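Trainee: just a sequence and a predicted model for now, questions to come.
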Amino acid sequence: MKDISCTLTTHSWLVIAIGMKKIFQCVEVKKCPSFYSTATTKLICKDKDENTITCDKATDGTYLTYSCVAFYEVPPGGKNVLYCNDGIWDFPKPLCKPICGKKVTTDTTELTWGGTDVKGYEYPWVIAMFKKLAGKYENVCGGTLVSRRVVVTAAHCVTDNYGNALGRENFQVAAGKLYNAFGDPRDKHAQYRKISQVVVHPGYRGVSQRYVADLALLITQELFKLEPVIMPACFDNVNTIYLKNYQVGEVAGWGLTEEEKPSERLRVIKIPYKEGATCSRELPESWEEQYNFLDKICAGRVDQQIAVCQGDSGSGLVFKNREDSRYYIQGLVSIAPNLYTSKCNYQTNALYTSVAFYYTWINKEMTINYLEDCLLPPHPRNGKWSVGGGEKKPGDIVLSNTILTFSCNRGYILSSISPHYDCANSYNPPTCLILCPKMSLPSGSQIICKNAKNQHIQCEDVADGGSVTFTCPNGFVSDRGTPTSTKYCRNGAFSNTAPSCILKALYKPTPEKHKKPSSSGSTEPYSLIPSKPITRPTKPSVSITVPEQGVEIGTDGLKVICTYASWMAYQEVYPENFESRLCTHLVYQFIGLRENGELRIGDEWLDLYFQEQGLYRMTTDLKQRNKDLKVLLSVGGSGATNETLFRDLSKDDDKIKAFLSSAAKIMETYNFDGLDIFWFSPAKDDKANFIHLLETIKRDFEKNGWILSITVHPVIEQHGYDAKEISRIVDWVTIKTYDFYGSWSLYTGNHNALYPSSKENGWEKQRYNLDAVAKTWLKAGLYKNKLVLGVAFSGVGFSLKDKSETGVHAPINKAPSFGEIRYYTICTKHADFTKVWDNETKTPYSYNDTFWIGFNDPQAVRLKGEYVKNEQLAGLNVFSIDGDDNKGVCGEKYVLLKNLNTGMGHSLTWLKDN
């Protein structure tokens, strides 16, 4: 018997010749996804017969074993042996992460004030942060290494007095240091890194907001090289590790010592964590009113002359986790009595920004800025790849964001439309498919060509797995006698015959295929592949309630502005995932600013090159589906750095000129229809310059018919807004009427309520709901037909302090917190929560014994649509569109966006036919 194996996509088929009759039968042998060794993982695969094979050819029964390179390990919950069964590995993928939270030695004597010198390199995660002062770098703060290019520190170390981030050129960081001075020759193992980004938490506003969100990340230009004395502290899942009262933690730094001078060597103190009540008793009485305790943890010793001091800000407070004996970063030195003076109060506790409290934000930013070493993959069969910056070969190590450009030999074409892949994704690279012959069809034929992914392509690019559907002109038929036929490309040839049209008068039916007798006497055609019943997933049909009467979307002047947050592409949420015909406008967030005033593309690979064309073009291409859709690019964001850049731009005509020139180039190149200016918190003395900036932009935009809108803070009295003048200039004003409640809150509350709750105080009632904010802005002079309110398609969750108090304005804990939760997650993962409709705020909330979520459901969204229509406002801005049930996981697709339109009185009857 002879075995022949062949590969069809993700399966292998074993063709068995039985006896002399050569009756062929195919037995399916499923193939598991391909894996390869990387810069951090070394793989070995053995098939079910114990033969060593490459891990891109693993079939059922294969075992994959892998090991990690030096300074890396299999993370907790991982496994280093994977098994291939039924075409699926029993674990997602081989994974090695940097070893974290392990001290180098225990050889210490016993920071700063009252602390003792570190003997050797005991704390490999400690970072010295240097700031350029008078032309030289000075050690001003500490930090903690949490990955090979991310340092976590305090926001007040990297911002001005108003909470605006300082330029990255002002800082450098160093790991593997013992001595204070920059470039100290005694630091034989020190590695210095320049900064590519200063990322300040968007909630930080310094002392004006009681040092809430005193947290920043420094992203290095180059990766730190891991060594025994340079390794990160543990961070993963720190939000699930709870500290006990008086549990001892450790802080290392170079702050002031007892002699009121910066320590020459790294020093350490060991101090106990203290719960809120204990801490409050021991800190000055005024502190609870002056400073924010909500996002802080407290630690220290009272009257023992041991404390953090000036220079220790941003240093990490680590605790040993009893379960794995690793050290986890739990706090960052933030506030202590006299911390920012030349003298320290060494008799008391200090407040540390809680890392667990901000775990979700830190984790998101770390994911966005993730880089690792990457092993260049093999060249594709019948093709190759190339990288810029010199010759590289398979097996060379580069950064994971290195772009590979794939190409194929003549007669072949890439399986993807885009040839560009970063190294991190190149282990699932495009392949080179053999092209089918060019077609020759008579004039007047209608032809649709698709690739193996069912995407429309040029017909000369039809390759293996692709198809051609053609309709012959009048008087012609296909070789099957039908006007329309479909042919599939397999291994460089079309199935049966090439696409062709023949004169109908000359068509002769093909004789019936030869049939073999079956044991029952019936006949059936030969088949190499055994037939199987085809099963398809089904789900119950959902009736869609749409108004039978109403006006078409976009014809009544009411705007439905949908916001797409570009960073959601990292979670596989793309512009094509939602129904653009339910929107009148789409706003793409964000593009940044340069110091010279020009626009700065935030993530070039994502915005310009992602999936063959980049998110810019993918977004503006939605206009092909909705010809009336207008797509705007949002400039800025609520980050502190943008405030400074906008302020400098608004008062410098040369920078405004550069801004307009770069904006025109980007809008013309990528087919945008205008800009949304997201200068979120202009100071009161910025008011005149803000108007000057808007007037100059609008005057320039009018030549091309471009749109100009702005997004503003809901609290007008604290910012530099001239509502009347703004109304005169811009096309509309979007007020960010969500995020009223969040991680800074003391009580539960819906962050996007339509009306106030009777349980709120007077200040909250006047500011924490759409109705109050709209009335305030209208009173200030904003035109009704320019006012757009924000509606959130995500909820905000809190940890309840008392399970018996579950209503609006119930007390909450600091952590853990759900944070932002999208509607489709609420209706699936939290469907077992108790849901309550709050008739005062016109919004629902859900809760269980532990957590509370305030959100918008279809009814709440519909009421907001009705409100805007009845009050004759300009419209609603959806943030963000990915929060809707775009896949119908809870029933009806696009349910929130549909109900929003329904509330506005828009007819959706056309959806019945789509």
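Mentor: Nice, thanks for sending it over.
Trainee: alpha carbons only for contacts and neighbour counts from here, please
Mentor: Will do.
Trainee: shouldn't residue 696 be within a helix?
Mentor: Yes - using DSSP: H, G, I helix; E, B strand; the rest coil, the secondary structure at residue 696 is a helix.
Trainee: OK, contacts around it?
Mentor: Residues in contact with residue 696, defined by C-alpha atoms under 8 Å, 6 or more residues apart in numbering, are residue 656.
Trainee: which parts of the stretch 801-914 of the chain are helices?
Mentor: 823-826, 858-870, 895-904 (DSSP state H, counting those that start in this stretch).
Trainee: and residue 81, which of the ones you listed is closest to it?
Mentor: Across these, residue 81 has its closest neighbour in helix 823-826 (32.3 Å, C-alpha to C-alpha).
Trainee: and the contacts of that closest one?
Mentor: 793, 794, 795, 855, 856, 857, 883, 884, 885, 889, 890.
Trainee: dump that helix to PDB, keeping only the CA atoms.
Mentor: Output of helix 823-826 as PDB, limited to C-alpha atoms (Å, rounded to 0.1, in the frame of the first residue of the first chain):
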ATOM      1  CA  TYR A 823     -22.100  47.500  25.700                       C
ATOM      2  CA  TYR A 824     -21.600  44.200  23.900                       C
ATOM      3  CA  THR A 825     -19.600  43.100  26.900                       C
ATOM      4  CA  ILE A 826     -22.200  44.200  29.300                       C
END
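Trainee: state the mean pLDDT of that helix.
Mentor: Looking at helix 823-826 alone, the average pLDDT works out to 91.
Trainee: next: stretch 727-734.
Mentor: Stretch 727-734 shows a mean pLDDT of 97 in the predicted model.
Trainee: quick thing: my sequence starts at 753, can you match it?
Mentor: Noted, 753 is the first residue going forward, which turns the last one into stretch 1479-1486.
Trainee: and it, how far apart are its ends?
Mentor: Stretch 1479-1486 has an end-to-end distance of 11 Å (C-alpha to C-alpha, to the nearest Å).
Trainee: so for it, what gets flagged as buried?
Mentor: Within stretch 1479-1486, the residues that count as buried by 16 or more other C-alpha atoms under 10 Å are 1479, 1481, 1482, 1483, 1484, 1485, 1486.
Trainee: kindly report the same for stretch 1525-1542.
Mentor: 1525-1526, 1528-1530, 1534-1542.
Trainee: cool, stretch 1143-1154 as well?
Mentor: Those buried within stretch 1143-1154 under the rule 16+ other C-alpha under 10 Å are 1149, 1150, 1151, 1152, 1153, 1154.
Trainee: let me know the average pLDDT across stretch 811-825.
Mentor: 93.
Trainee: and it, what's buried?
Mentor: 811-820, 823-825.
Trainee: farthest-separated two in those residues?
Mentor: Farthest apart among the buried residues of stretch 811-825 by C-alpha to C-alpha are 812 and 823. That separation is 32.5 Å.
Trainee: wait, doesn't residue 805 sit right on residue 797?
Mentor: Yes - contact criterion C-alpha atoms under 8 Å: residue 805 and residue 797 qualify, at 5.5 Å.
Trainee: those two: which has the busier surroundings?
Mentor: Using other C-alpha atoms under 10 Å, the more surrounded residue of residue 805 and residue 797 is residue 797, with 23 against 14.
Trainee: the more buried one looks like it's in a strand, true?
Mentor: Yes - according to three-state DSSP, residue 797 belongs to a strand.
Trainee: residue 1329 contacts residue 1638, correct?
Mentor: Yes - here residue 1329 reaches residue 1638: they are 6.6 Å apart, a contact under C-alpha under 8 Å.
Trainee: and the two? Which one has more around it.
Mentor: Neighbours of residue 1329 and residue 1638, each counted by other C-alpha under 10 Å, are more numerous for residue 1638; the result is 20 against 12.
Trainee: so who does the more buried one touch?
Mentor: Counting by C-alpha under 8 Å, 6+ apart, residue 1638 has contacts 1329, 1330, 1645, 1646, 1647.
Trainee: for it, give its distance to residue 886.
Mentor: 55 Å.
Trainee: residue 1331 now?
Mentor: Counting by C-alpha to C-alpha - residue 1331 and residue 886 are separated by 56 Å.
Trainee: comparing the two, which shows the higher neighbour count?
Mentor: Neighbours per residue, other C-alpha under 10 Å: of residue 1331 and residue 886, the larger number sits with residue 1331, 17 against 7.
Trainee: before we move on, back to that, most neighbours, which of the contacts of helix 1575-1578?
Mentor: Ranked by neighbours (other C-alpha under 10 Å), the contacts of helix 1575-1578 are led by residue 1546, which has 30 neighbours.
Trainee: if I look at it, how far off is residue 1504?
Mentor: 9 Å.
Trainee: now, which of the contacts of helix 1575-1578 lie within strands?
Mentor: 1546, 1547 (DSSP state E).
Trainee: now render the buried residues of stretch 811-825 as a markdown table, adding distance to residue 1493 and secondary structure.
Mentor: Converted to a markdown table, these look like this (distance: C-alpha to C-alpha, whole Å; DSSP: H, G, I helix; E, B strand; the rest coil):
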| residue | distance to residue 1493 | secondary structure |
| --- | --- | --- |
| 811 | 52 | strand |
| 812 | 51 | coil |
| 813 | 52 | coil |
| 814 | 51 | coil |
| 815 | 50 | strand |
| 816 | 48 | strand |
| 817 | 48 | strand |
| 818 | 46 | strand |
| 819 | 46 | strand |
| 820 | 44 | strand |
| 823 | 42 | coil |
| 824 | 40 | strand |
| 825 | 40 | strand |
